[in-house]
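Have a look at this fold, sequence not included:
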């Protein structure tokens, strides 16, 4: 029960709501976990309202009484499942979707900007590339295409000192001060591809041109800076990394150069989606030669991902390869990388599939 959960969490809850559930509703759900409980009560169906309560320690200690009342209107898609807890979390995600809908981006580290956008959360008053991209792909593009469009365009910027034709995707801050230690800005491509499904007319035509230019410049520069010709993979820390101490060996904590030299499954898949999206957008614009070029790069990268990340013995994709000094595949596996490998058809062999 966090006041503003990140957009990625909102999106996951929203996308789950599209699954089919029986209408056999129960009025409350209780979950026990390590001597703590979380409980949801359905209070009424019209308007749909719930109460959430827990005995667990809450981030920032909010709300103080560890209870939250939730009520949503019929302006948004509704869900009624067998779990009051699931339904309450979905309702909470809708409320926080509205709370994250702002007219001005006003983060202390940046100049205020007027933007009919999605900010990331109560403690993240900015539009963060990876958060909005994963969220737009999962659900936000279908819920509000205009605000999603504005948010994605907010993350496109020309390179300092160059003209408007130099626009690229912005890499958010990360380990080692951002790009190129962090190189997952290309995840913007999955949001762009999803958003186009909901655009029409001039908005669609304009966005396709902007997206193509931004992605082309981004993947071209990444090819120069973070691509390793030895194995055909891209360097950069794991995408959606929270704290590097949770993901990488302790000796890398204060030696981030090696994180920058590592190759992560999730990040390489986002580079694959960017190359593929660039090729597909080029085709929409009638640029056949460019389309073939980028689609070939995408295909080659997919082959490299399968060759170097797949652990035959474990039957899983490894989370990352270590530094240039030791290209060993780590005995570590993550759900994000595995999910992306499935969603974007990285798997080629029957065992991988």
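Alright, I've got the coordinates. Given the structure is predicted, the values throughout are model-derived calculations rather than measurements.

for the protein, which spans come out with low pLDDT?
1-27, 160-162, 164, 176-177, 242 (pLDDT under 70).

which SSE is residue 149 in?
helix 145-154 (DSSP states H and E).

now that helix: how far from the chain's centre is it?
Distance, stretch centre to chain centre, for helix 145-154: 15 Å (Cα atoms, centre = their mean, to the nearest Å).

tell me what the helix or strand following that helix is packed against?
Using DSSP H and E, the helix or strand that follows helix 145-154 in sequence is strand 156-157. Helices and strands touching strand 156-157, by 3 or more Cβ pairs under 8 Å, 6 or more residues apart in numbering; DSSP states H and E, are strand 168-169. C-beta here means a position set from N, CA and C on the backbone, and glycine is covered the same way.

so what strands line up beside the strand it packs on?
Applying DSSP bridges to the sheet, strand 168-169 is found paired with strand 156-157 (antiparallel).

Show me which positions of the longest strand seen in the chain end up buried.
Longest strand in the chain, counting residues (DSSP state E): strand 36-45. Buried positions in strand 36-45, judged by neighbour count with 16 or more other Cβ atoms under 10 Å: 38, 39, 40, 41, 42, 43.

do the same with stretch 100-109
Applying a neighbour-count criterion of 16+ other Cβ under 10 Å, one finds 100, 102, 105 buried in stretch 100-109.

elements contacting the helix holding residue 149?
Helix 145-154 packs on strand 113-118, helix 129-135, helix 188-196, helix 201-225, going by 3+ Cβ pairs under 8 Å, 6+ apart.

and of the ones you listed, who's closest to residue 87?
helix 129-135 (20.6 Å; Cβ to Cβ).

downstream neighbour of that closest one in the secondary structure list?
helix 141-143.

ok, back up a step: quick one: residues in contact with the helix holding residue 149.
When contacts are defined by Cβ atoms under 8 Å, 6 or more residues apart in numbering, helix 145-154 is touched by residues 101, 105, 113, 115-118, 127, 132-133, 136, 140-141, 188, 191-192, 195, 198-199, 203, 207, 210.

Filter those residues down to the buried ones and hand me the PyMOL line.
Here is the PyMOL command that picks out the buried ones among the contacts of helix 145-154, judged by 16+ other Cβ under 10 Å:
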select buried, resi 105+115+117+118+127+132+133+136+140+141+188+191+192+195+198+199+207+210
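
hang on, the earlier thing: which of the helices and strands packed on helix 145-154 has the highest mean neighbour count?
Mean neighbours per residue, mean count of other Cβ atoms under 10 Å, is largest over the helices and strands packed on helix 145-154 for helix 129-135, with a mean of 27.

by contact count, what packs against that one?
Using 3+ Cβ pairs under 8 Å, 6+ apart, helix 129-135 sits against helix 7-16, helix 145-154, helix 188-196.

for it, the distance to its chain's centre please.
4 Å.

swap in stretch 231-244?
14 Å.

Pull out the buried positions in it.
232, 233, 234, 235, 236, 237, 238, 239, 240, 241, 244.

Just give the nearest non-adjacent residue to the fifth one, would you?
To tie it back to what came earlier, the one meant is residue 236. In this structure, residue 236 finds its nearest non-sequential neighbour in residue 183, 3.1 Å apart by Cβ to Cβ, 6 or more residues apart in numbering.

Now the one you found: phi and psi?
Residue 183 adopts backbone torsions of phi -130, psi 20, taken as degrees, to the nearest 10.

ok, it - contacts?
If you count contacts by Cβ under 8 Å, 6+ apart, residue 183 has them with 171, 222, 225, 226, 234, 235, 236, 237, 267, 271.

and the last one, what helix or strand is that in?
According to DSSP H and E, residue 271 maps onto helix 265-284.

Give me the buried positions along that helix.
For helix 265-284, burial by neighbour count (16+ other Cβ under 10 Å) applies to 265-283.

what angle sits between that helix and helix 188-196?
Put simply, helix 265-284 runs at 50 degrees to helix 188-196, going by axes from the mean of the first three to the mean of the last three Cα atoms, to 10 degrees.

Which strands or helices does helix 265-284 pack on?
Packing contacts for helix 265-284, counted by 3+ Cβ pairs under 8 Å, 6+ apart, involve helix 188-196, helix 201-225, strand 233-234, helix 288-309, helix 335-343.

JSON lines please, covering the contacts of residue 183 and showing distance to residue 255.
Formatted as JSON lines, the contacts of residue 183 follow (distance: Cβ to Cβ, whole Å):
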{"residue": "171", "distance to residue 255": "21"}
{"residue": "222", "distance to residue 255": "23"}
{"residue": "225", "distance to residue 255": "20"}
{"residue": "226", "distance to residue 255": "18"}
{"residue": "234", "distance to residue 255": "20"}
{"residue": "235", "distance to residue 255": "15"}
{"residue": "236", "distance to residue 255": "16"}
{"residue": "237", "distance to residue 255": "13"}
{"residue": "267", "distance to residue 255": "19"}
{"residue": "271", "distance to residue 255": "24"}
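
And the residues you listed, which is closest to residue 341?
Distances from residue 341 to those, taken by Cβ to Cβ, are shortest for residue 267, at 12.4 Å.

Nearest residue to the middle of the chain?
With distances taken as Cα atoms, centre = their mean, residue 134 lies nearest the centre of the chain, 2.4 Å away.

how much space between it and residue 187?
Between residue 134 and residue 187 the distance is 7 Å, computed by Cβ to Cβ, to the nearest Å.

ok, back up a step: from the buried residues of stretch 231-244, which is closest to residue 344?
If you rank the buried residues of stretch 231-244 by distance to residue 344 using Cβ to Cβ, residue 239 comes first, at 12.6 Å.
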